[in-house]
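1. model this:
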Amino acid sequence: MPKINGNEIRPGNVLEHNGGLWAAVKVDHVKPGKGGAFAQVEMRNLRNGSKLNERFRSADKVERVRLEQKDQQFLYQEGENLVFMDTETYEQIELPAEILGERRPFLQDGMTITVEFHDSEALNATLPQKVTCKIAETEPVVKGQTAANSFKPAILENGVKVMVPPFVGQNEDIIVNTETMEYAERA
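-> Residues are numbered from 1 along each chain as shown. As a prediction, the model looks like this:
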């Protein structure tokens, strides 16, 4: 695995540090008036989710890990596990449902997601950025109401609550951004 200098760390990099795998969440480059420059890095452990703040000087060497990304198709849920199939080799794997965290309700039958592996261990799973959902309930559409920065609450069929513009009604399909978990556009 390649070693990089402390000042080359970027958000999203996966680092091997203190015997664990850490994802750099936030990186601030600091140049104090006295002393050498350093990078203040906020990291999240990929295995247990704990956070850590660490300082890396430019002379510090840190091991950067490359994760292998594979497309996996969601098949079904079995207990607390989700069963996926590799779209190239057709191998099936089971992953715990909490690998998706709060985005779990957006997973739909047959959806293809990206799973990041280190060796054969699945560390992270990413849904497509935009998902189409149906609105289960919301306030009725009011004629003459403009869409000027006013939003109303809506509950999707998967149980997630989002804020939608006033012109969107019940049983309509909308597109939701899975990263921000917010309304993106009408479907």
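2. Domain-wise, how is the chain divided?
-> Following automatic domain parsing, one gets these domains for the chain: 3-65, 68-126, 130-186.
3. other SSEs contacting the helix or strand of the chain with the lowest mean pLDDT?
-> Of all helical and strand segments in the chain, the minimum by mean pLDDT, DSSP states H and E falls on strand 121-126, at a mean of 85. In terms of contacts (3 or more Cβ pairs under 8 Å, 6 or more residues apart in numbering; DSSP states H and E), strand 121-126 is packed against strand 92-96, strand 112-118. Where C-beta positions appear, they are placed from N, C-alpha and C, glycine not excepted.
4. May I see the ones you listed arranged in JSON lines, with mean neighbour count as well?
-> As requested, the helices and strands packed on strand 121-126 are exported to JSON lines (neighbours: other Cβ atoms under 10 Å):
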{"stretch": "strand 92-96", "mean neighbour count": "14"}
{"stretch": "strand 112-118", "mean neighbour count": "17"}
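5. Reformat those strands into TSV and put distance to F84 and mean pLDDT next to each item.
-> Shown next, in TSV, are these (distance: least, Cβ to Cβ, whole Å; pLDDT from 0 to 100):
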stretch	distance to F84	mean pLDDT
strand 92-96	5	91
strand 112-118	7	90
